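**Student:** Test case, fold it:
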Amino acid sequence: MVNPAVKKSPRFRFVRETIAELKKVVWLSRREALYLTALVLVVAISVGIVLGAIDYFFSFLVKAIF
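**Tutor:** Next up is the predicted model:
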């Protein structure tokens, strides 16, 4: 039996509570994780291409003006 007069370390309590919270998390399935990863990559590459094209256009415009 644990002696109630002995206080438990707050660090250990934090670790126990963290583990308990992680057990409550509903994790994605492998398929969902792969789909969302691919979606993020497609969006990031698309945005990069669009921003690159805009940058190229403005640099061309600035060179033509000056």
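
**Student:** which regions of this protein sit below the pLDDT cut-off?
**Tutor:** In the predicted model of the chain, residues 1-8 satisfy pLDDT under 70.

**Student:** how about the helices in the chain?
**Tutor:** 10-24, 30-65 (DSSP state H).

**Student:** a markdown table for those, including mean neighbour count?
**Tutor:** In short, each C-beta sits where N, CA and C put it, glycine included. Shown next, in a markdown table, are the helices of the chain (neighbours: other CB atoms under 10 Å):
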| stretch | mean neighbour count |
| --- | --- |
| helix 10-24 | 9 |
| helix 30-65 | 10 |
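
**Student:** what's the spacing between Val62 and Leu51?
**Tutor:** According to CB to CB, to the nearest Å, Val62 and Leu51 sit 16 Å apart.

**Student:** Same check on Thr18?
**Tutor:** Taken as CB to CB, the span from Thr18 to Leu51 is 39 Å.

**Student:** what do you get for Leu34?
**Tutor:** Counting by CB to CB, the separation of Leu34 from Leu51 is 26 Å.

**Student:** Pop out the phi and psi values for Ser29.
**Tutor:** Note on Ser29: backbone dihedrals following degrees, to the nearest 10 are phi -80, psi 170.

**Student:** Based on its surroundings, how many neighbours for it?
**Tutor:** Counted with other CB atoms under 10 Å, the neighbours of Ser29 add up to 8.
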